[in-house]
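1. 3D model of this:
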Amino acid sequence: MAYENDKDMYIAAVALATIAAGVLRRPMAFSIVATLGLMVSDPGAMNAAAKEWDKADLDQLKREITELKETLRKDGKWEGEAFAAFDAAVLKFNDELGNAQNLRKGMGDALDQTALVYHVGAIIAMSVAVIMQALAALSIVFLAHPGGKVAFEVALTGVLNSIDKAVKAMAKKKMTAAGVVAGILYGVATLQDNMGKLFFGMKAMPEGTPEFTKAGLTYDPASGLKKTELPSLNMNLNQGGLHLPGLP
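-> Numbers count the residues shown, from 1 in each chain. Now for the predicted structure:
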C-alpha cells in the first residue's frame, strides 16, 4: 500500500477546509479545521521506519559474539576468573539481544499498523475537506435564494456537528496509536541502554589494578591475570649512579 502522498494529502485537506471555513464563518467549521491540523502526519515515513526496524538481524550478532568468545577461549587460551566474567556477560548480552529482537519486531509491527491508521486518516481528512468545500459552495448559492437559506442553515449546523464529532474521534484514535508506539519505543531505548552497560561492569582483573611502578602482569590459568612484584630500582642522584639489587 502506497503511503508516500499521504502527508501532502493531509496538508491539502487542511488548506481546503480552511478556505471553506472562511466562507461558512461558523465556529464549528474552524473547530474542524483545528482538529484536521492535529491529524497531519507522514504515514509514508512511518511505513519506511517499520521496514527498517524489521531489517535488523540480531541473531547474526548473537552468533558473532558467541564465536568471538569461543575464539578467545580456544585460540587465546583465555581462562580463569577473567574469562568467566566475560562468559557470563556474553550469556546475559545474548539473552538481552533476544528481548531486543522481540521488541524491535513489535516496534515494526506497531509502526506499520500506525501508518495504516494515519493513511486512512488522510483519506478521511480529504473527504471532510471536500464536503466542507461543497457546503461552502451551497452557502454561496443560498445567498441568492433567501427562501431556502433558513432551512440550509439548520441543516448546515447538524452536518458540521456530525463532522466535528467524527473528526475528533478519529484524532483520538490516532493519538492512542501514537501513544502505543511511543511506549514500545521507550521500552526499546531502555533495554538497549541497559545492554550497553553489561560489559562495563566486568572485573577483568580479580585482584584490582596494580601499581605499575612495582608490579608486572603474568597469566595464571586458575585466576586469569595476576600481578607480580618486580625488583625495585634505586636511583642515587647524589652519587650520580644507578644501583641495581645484587650489584655492587
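2. how much space is there between Gly179 and Thr114?
-> 10 Å (CB to CB, to the nearest Å). Glycine gets a C-beta too; all of them are placed from N, C-alpha and C.
3. Which one's more surrounded, those two?
-> Between Gly179 and Thr114, Thr114 has the larger neighbour count (other CB atoms under 10 Å), namely 22 against 10.
4. Tell me which helix or strand that one sits in.
-> Here Thr114 sits within helix 80-143, counting by DSSP states H and E.
5. helices and strands around that helix, which ones?
-> helix 6-24, helix 27-39, helix 43-55, helix 58-74, helix 146-196, strand 224-229 (3 or more CB pairs under 8 Å, 6 or more residues apart in numbering; DSSP states H and E).
6. in the fourth one, what counts as buried?
-> In terms of neighbour count (16 or more other CB atoms under 10 Å), helix 58-74 has its buried residues at Leu58, Lys62, Lys69, Leu72.
7. In stretch 144-154, which residues are buried?
-> Neighbour counts over stretch 144-154 (16+ other CB under 10 Å) mark Phe152 as buried.
8. show me what contacts Leu16?
-> Counting by CB atoms under 8 Å, 6 or more residues apart in numbering, Leu16 touches Met126, Ala129, Val130, Met132, Gln133.
9. Test my guess that the fourth one contacts Ile32.
-> Same thing as Met132. Yes: counting by CB atoms under 8 Å, Met132 touches Ile32, with 6.9 Å between them.
10. Counting neighbours, which of the contacts of Leu16 comes out on top?
-> That'd be Met132 among these, by other CB under 10 Å, with 26 neighbours.
11. Quick one: residues contacting that residue.
-> Leu16, Ala17, Ala20, Ala21, Leu24, Ala29, Ile32, Ile163.
12. Equivalent analysis for Ala15, please.
-> By CB under 8 Å, 6+ apart, the contact list for Ala15 reads Ala129.
13. for the record, mean pLDDT for stretch 14-21?
-> What stretch 14-21 shows for mean pLDDT is 94.
14. in that stretch, what's buried?
-> Val14, Leu16, Ala17, Thr18, Ala20, Ala21.
15. any idea which of those is the one closest to Asn47?
-> The nearest member of those to Asn47, counting by CB to CB, is Val14 at 21.3 Å.
16. Correct me if wrong: that closest one contacts Val128.
-> No: using CB under 8 Å, Val14 makes no contact with Val128, being 10.0 Å away.
17. between these two, what contacts are shared?
-> Leu36.
18. Poorly predicted segments of this structure, please.
-> 1, 54-57, 76-77, 177-178, 180-181, 184-248 (pLDDT under 70).
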